[in-house]
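the following comprises the amino acid sequence and a computationally predicted model.
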Amino acid sequence: MSRQGEKRRVVYRHPLGRYEVTETTGVNIMGDTYHIREAFLTPEERDVRGLLTNADKRAVGNYATRNDPITEDEKKKICKMYASGRTVVQVAGEFCRGYDAINNVLKEKNIRQSEKKGRKWTTTERQTVALMYMEHHDVADIAAAVGRSMSAVSNVLATMRRREEI
């Protein structure tokens, strides 16, 4: 409910459509200008991520996910819907299934590839890490030398320490 003379405007909208920040400007009874900023979730609008909103859930019907096995006929329909451009989340909503169940069907049918695993550490890379660590190089230098991220180097160092390799 806005008062007479109040002005509202959206000052920020989340890039994925999750919420908006609005600013209300007006004059109070003492004659002072005030500014109020509020954040509002936008659950009724379809956000850019393509997730189901409350309106979508009502349109689909009973949104409770089912746990019974997916039949071959359903698997064909799931693959067809995904191939037509729908997201995994949208397909999951249509079939009242969880995201993982739909994703597993698509992987089983070789329609959607599984996420890439990190590449294995070679013996040469591990030796380089150990040698540079013993020479008191910092993690950033070691990471640059072996072409890995600093977190990957930290993880392999921790593993090597645990195994008493260094």
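That came through fine.

where does pLDDT dip in this structure?
1-3, 43-65, 114-117 (pLDDT under 70).

against Glu6, how distant is the residue of it most remote from its centre?
No residue in the chain sits farther from the centre than Met30, which is 47.2 Å out by C-alpha atoms, centre = their mean. As defined by C-beta to C-beta, to the nearest Å, Met30 lies at a distance of 15 Å from Glu6. Where you see a C-beta, it was placed from the backbone N, CA and C, and this is true even at glycine.

go on, Ile29?
13 Å.

who has more neighbours out of those two?
Between Ile29 and Glu6, counted using other C-beta atoms under 10 Å, Glu6 has the larger neighbour count: 13 against 5.

skip the chain neighbours and tell me the closest residue to that one.
Distance criterion C-beta to C-beta, 6 or more residues apart in numbering; nearest residue to Glu6, sequence neighbours excluded, is Gly26 at 4.0 Å.

partners of the host helix or strand of the one you found, with directions?
Assigned by DSSP states H and E, Gly26 belongs to strand 19-27. Applying DSSP bridges, strand 19-27 is found paired with strand 7-13 (antiparallel), strand 33-41 (antiparallel).

can you show me the CA trace of the longest one as PDB?
Once non-C-alpha atoms are left out, strand 33-41 reads as follows in PDB (Å, rounded to 0.1, in the frame of the first residue of the first chain):
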ATOM      1  CA  THR A  33      12.400  12.900   2.700                       C
ATOM      2  CA  TYR A  34      12.900   9.200   3.300                       C
ATOM      3  CA  HIS A  35      14.200   6.300   1.200                       C
ATOM      4  CA  ILE A  36      13.400   2.700   2.000                       C
ATOM      5  CA  ARG A  37      15.000  -0.200   0.100                       C
ATOM      6  CA  GLU A  38      13.400  -3.600   0.200                       C
ATOM      7  CA  ALA A  39      14.300  -6.900  -1.400                       C
ATOM      8  CA  PHE A  40      11.500  -9.100  -2.700                       C
ATOM      9  CA  LEU A  41      11.700 -12.700  -3.900                       C
END
